[in-house]
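Asker: just the structure for this:
(3 chains)
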Amino acid sequence: MLEIAGRKFRSRLFTGTGKFASATVMKAALTASDSEMVTVALRRVDLNDPADDIMSHLDRDHFFFLPNTSGARDAAEAVRLAHLARSVGNTNWLKLEVTPDPRTLLPDPVETLKATEELVREGFVVLPYINADPILALRLQDVGAAAVMPLGSPIGTNQGLLTRFQVAIIIEQARVPVVVDAGLGAPSHAVEAMEMGADAVLVNTAIAVAGDPVRMARAFADAVRAGREAYESGLGRRGTTAEASSPEVGLDFLHG
Amino acid sequence: MTSPVVISPSSAVPLLRLPDFATLSQQIRECGPNEVVAALGRERRTVSDLAALLSPAAETMLPDLARQAALITRQRFGRVIQLYAPLYLSSYCFNRCLYCGFSVDNEIPRRVLSLAEAEREAKILSRRGFEHILLVSGEAPAKLGVDYLEELARRLRDDFAAISIEVQPLKEEEYARLFAAGITAVAIYQETYDRRTYEEVHLGGPKADYDRRLEIPARVARAGMREVGLGALLGLADWRAEGLALGLHLAWLRKLAWRTGLTVSFPRLRPASGGFTPRVMVGEKNLSQLIFALRLFDPDVGLILSTREEQRYRDGMIGLGPTRYSAGSCTIPGGYGDSAADGEQFAIDDHRDLAEVAAAIRAKGHDPVRKDWDAIFQQR
Amino acid sequence: MSASNKIESGAATDQIVIVCNGQERLIEPGQTVAAFIAAMDLNPAMMAVELDGRVLDRTTYDSTLLTAGARLELIRFVGGG
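Answerer: Numbers count the residues shown, from 1 in each chain, chains lettered A, B, ... in the order given. Have a look, this model is predicted:
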């Protein structure tokens, strides 16, 4: 079973709560996804419509909230948002996002490392969203990140696992759980990540904007289960035809 | 088959928990040809795959193992072999180890080189063209301690690109001191991962504590050394299980200390003073299988083949897995300057000098490299 | 609506101006944070309050008075990935 910072998760699919057409659809889709952990963002209360509280629709005993720091452009802003998140949610868990470039929303590695150090010191359980940089992942692990969340491709692009090679290295090297986040646009992308040995995936856009979000959520749930099952059952046998053409190695020199 | 769990990801200081040696042996022997073929076909290999590659079932597929090991070695290291020479500093030792010529009970002439003598020996190696030396001594801190090593390293660091040590276990801060003085790598062999055999052959001295020994490589890494060398003596216990234990130790260190380079040595027991006869026979095919299997399991690990092995074998293995060879070695303190010196640690079997070994490496289409780092780049 | 308008419209009383979520608000003097939140029909358990750049401990809402010029931020969770 997946374990992050001592907390166990039966489902390896984490879901985002953004971009849904309505609270009703969101709740139905998240329920269909079997997710136990959902990400949420922080915003000012809309004073013109203070009753508009989409999150009140979700039962927090059923869905573990993982607040993010989306919108933060540097470590200082992320730390401020973290403090607010802790106060709103009464939780010390945090998906750390620091995205200075509004165009790509790619994460800033330097500020992310700085903020992780600070927040771990303050007692937060930090899950940083990062580009798929293996050394950064290890540096974050070393300063106490509870997991790392490398992106498959830039957020919202639905491009899938463009960072496959780098993510494979992170999975191989990291001691903390690896959650592939962002860019997974189809269940096949999620299967790919899970087959490689990712500990979990986080999906939002692909479910939220699907023609039928509830059925798409179910498809992702199945995909994540299938990918994990394949990984655990020892995948990876390659065809041998390509190797047959490589030259024999002489071992005639061996005695005994 | 389940692979043994060696690491607890959530704990801050994961402990190395090796399964019982007999369990490892059995896990290997349960592997059949299907498991070997599957292991050969995989891109990234698990501990279970390593067990299959070490199994008797893999013996008939040795050429397949060799071919893949050669491919991976070429990809990761290129067509190069690194060269180094050992410099024996002292034959004093407080340990009683049945297999070792320096064992405290053995009646051999004992000697510890003075700093000036050690420097003279090193100069000889430097003139012969070596840029990487391995400083070796028995475990007798009173005769040769960290102050000695620190001072010697400071004297030698301008003459050598890399200085490694193979001495008694030190404290973390002592390793850090030596690193600051220019020593970049530490070899610290478990000798055997079989606890029972370990206790039978280590009769006395600080080395007799199996668990204490097992903990040292992680300490070396924590101290900031660039490289730590593991090793098992071949000839004490089931070599296949030693290979699997080495793989587990490697994998654990990889997770724990990602900044540290890792190497493995494969000392096959040779005749030594004290007349120890190897308890198990390890033939060249066995040794080769072990080398190939570890290369397939860990594509990045440095694999060291010393002059314990003879010329024919060492030449044959060039390009198939090993990445570092010693050359022109003498295992007697003071033996480079004085050919009449006596009291060796073990007998060597490849007597060629650096130029001859380098020529053999070139003849096999590889580049003999004498250094791959300059300690001078480190902060002084 | 500009600040001067608001002040004029409330000129008959001693109302004070605070800034909440970027908007100026006229409130009665001596109002606590808890009362302000309740007046807006918000559930204090589901939000954070930042007063002049500092996150307030939920247990102090009752005892914290809003003074003229106070900068208040009311934050809650919204959908996000």
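Asker: number of nearby residues for the residue in chain B positioned nearest to chain A?
Answerer: Proximity of chain B to chain A (CB to the nearest CB) peaks at B:Gly316, 3.1 Å away. From N, CA and C alone the C-beta is placed, and that goes for glycine too. Using other CB atoms under 10 Å in any protein chain shown, B:Gly316 has 19 other residues around it.
Asker: wait, doesn't it sit right on A:Leu254?
Answerer: Yes - contact status for B:Gly316 versus A:Leu254: in contact at 6.9 Å, counting by CB atoms under 8 Å.
Asker: Three-state assignment for B:Ile81, please.
Answerer: Put simply, B:Ile81 is strand when judged by DSSP: H, G, I helix; E, B strand; the rest coil.
Asker: how about it, nearest residue that isn't a chain neighbour?
Answerer: Spatially, and ignoring its direct neighbours in sequence, B:Ile81 is nearest to B:Ile361 (4.9 Å; CB to CB, 6 or more residues apart in numbering or on different chains).
Asker: helices of chain C, start to end?
Answerer: Counting by DSSP state H, one finds helices in chain C at the ranges C:3-9, C:33-39.
Asker: in the top strand by length along chain C, what's buried?
Answerer: For chain C, the longest strand by residue count, based on DSSP state E, is strand C:71-79. Within strand C:71-79, the residues that count as buried by 16 or more other CB atoms under 10 Å in any protein chain shown are C:Leu72, C:Glu73, C:Leu74, C:Ile75, C:Arg76, C:Phe77, C:Val78, C:Gly79.
Asker: for chain B, see how far away the third one is.
Answerer: This points to C:Leu74. Distance from C:Leu74 to chain B, counting by CB to the nearest CB, to the nearest Å: 36 Å.
Asker: wait, doesn't that residue sit right on C:Ile18?
Answerer: No - using CB under 8 Å, C:Leu74 makes no contact with C:Ile18, being 11.7 Å away.
Asker: where does pLDDT dip in chain A?
Answerer: A:52, A:235-248 (pLDDT under 70).
Asker: which one is the residue of chain B closest to chain A nearest to, not counting chain neighbours?
Answerer: A:Phe253 is the one closest to B:Gly316 (CB to CB, 6+ apart), at 3.1 Å.
Asker: now B:Arg177
Answerer: Excluding its sequence neighbours, the residue lying closest to B:Arg177 (CB to CB, 6+ apart) is B:Glu150, at 5.7 Å.
Asker: quick check, that neighbour in contact with B:Phe179.
Answerer: No - the pair B:Glu150 / B:Phe179 is not scored as a contact, 10.0 Å apart, by CB under 8 Å.
Asker: thinking again about what came up before, could you tell me the average pLDDT over the helix or strand the residue of chain B closest to chain A falls within, please?
Answerer: If you go by DSSP states H and E, B:Gly316 is part of helix B:311-317. Per-residue pLDDT over helix B:311-317 has a mean of 94.
Asker: residues near A:Thr22, how many?
Answerer: Rather than Thr, residue A:22 is Ser. Neighbours of A:Ser22 (other CB under 10 Å): 11.
Asker: any idea how far A:Pro134 lies from A:Thr163?
Answerer: 10 Å (CB to CB, to the nearest Å).
Asker: mutual contacts of these two, please.
Answerer: When contacts are counted by CB atoms under 8 Å, 6 or more residues apart in numbering or on different chains, the set common to A:Pro134 and A:Thr163 is empty.
Asker: strands of chain B, start to end?
Answerer: Under the criterion DSSP E, chain B contains strands at B:80-90, B:96-97, B:132-137, B:162-166, B:183-187, B:202-204, B:227-231, B:261-265, B:302-305, B:324-326, B:367-369.
Asker: typo on my end, chain A
Answerer: With DSSP E as the criterion, chain A has strands spanning A:2-4, A:7-9, A:13-16, A:37-44, A:64-67, A:93-96, A:125-130, A:149-150, A:179-181, A:200-203.
Asker: can you say which of these is nearest to chain B?
Answerer: Evaluated with CB to the nearest CB, the strands of chain A place strand A:2-4 nearest to chain B, the distance being 6.1 Å.
Asker: how about that closest one and chain B, any contact?
Answerer: Yes - applying CB under 8 Å from any CB of the partner chain, one finds strand A:2-4 in contact with chain B at A:Glu3.
Asker: against which helices or strands is that strand packed?
Answerer: strand A:7-9 (3 or more CB pairs under 8 Å, 6 or more residues apart in numbering or on different chains; DSSP states H and E).
Asker: give me the contact list for the strand it packs on.
Answerer: Here strand A:7-9 makes contact (CB under 8 Å, 6+ apart) with A:Met1, A:Leu2, A:Glu3, A:Glu36, A:Met37, A:Phe64, A:Ala200.
Asker: ChimeraX command for the buried members of those?
Answerer: The buried subset of the contacts of strand A:7-9, as determined by 16+ other CB under 10 Å, is captured in ChimeraX by this line:
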select /A:2,36,37,200
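Asker: now the stretch 1-150 of chain A against chain B: closest residue?
Answerer: Minimum separation of the stretch 1-150 of chain A from chain B (CB to the nearest CB) falls at A:Leu138, amounting to 5.0 Å.
Asker: mind listing what that residue touches?
Answerer: A:Leu138 touches A:Gln173, A:Ala174, B:Trp258, counting by CB under 8 Å, 6+ apart.
Asker: quick one, what contacts the first one?
Answerer: Okay, so that is A:Gln173. Residues in contact with A:Gln173 (CB under 8 Å, 6+ apart) are A:Pro134, A:Ala137, A:Leu138, B:Arg254, B:Lys255, B:Trp258.
Asker: with the second one instead?
Answerer: A:Ala174 makes contacts with A:Ala137, A:Leu138, A:Gln141, A:Val148, as judged by CB under 8 Å, 6+ apart.
Asker: got it, and the last one?
Answerer: Contacts here follow CB under 8 Å, 6+ apart; on that basis B:Trp258 touches A:Leu138, A:Gln173.
Asker: ok, it to B:Ala162 distance?
Answerer: B:Trp258 is 21 Å from B:Ala162, where distance means CB to CB.
Asker: next: the first one.
Answerer: According to CB to CB, A:Gln173 stands 25 Å off from B:Ala162.
Asker: equivalent analysis for C:Cys20, please.
Answerer: C:Cys20 sits 66 Å away from B:Ala162, going by CB to CB.
Asker: these two: which is more packed in?
Answerer: Taking neighbours as other CB under 10 Å, C:Cys20 and B:Ala162 compare with B:Ala162 leading, 24 against 20.
Asker: so what's the more buried one closest to, chain neighbours aside?
Answerer: Nearest residue to B:Ala162 in three dimensions, chain neighbours excluded: B:His132, at 4.2 Å (CB to CB, 6+ apart).
Asker: in JSON lines: the contacts of strand A:7-9, plus distance to B:Leu320.
Answerer: Converted to JSON lines, the contacts of strand A:7-9 look like this (distance: CB to CB, whole Å):
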{"residue": "A:Met1", "distance to B:Leu320": "42"}
{"residue": "A:Leu2", "distance to B:Leu320": "40"}
{"residue": "A:Glu3", "distance to B:Leu320": "41"}
{"residue": "A:Glu36", "distance to B:Leu320": "49"}
{"residue": "A:Met37", "distance to B:Leu320": "48"}
{"residue": "A:Phe64", "distance to B:Leu320": "52"}
{"residue": "A:Ala200", "distance to B:Leu320": "40"}
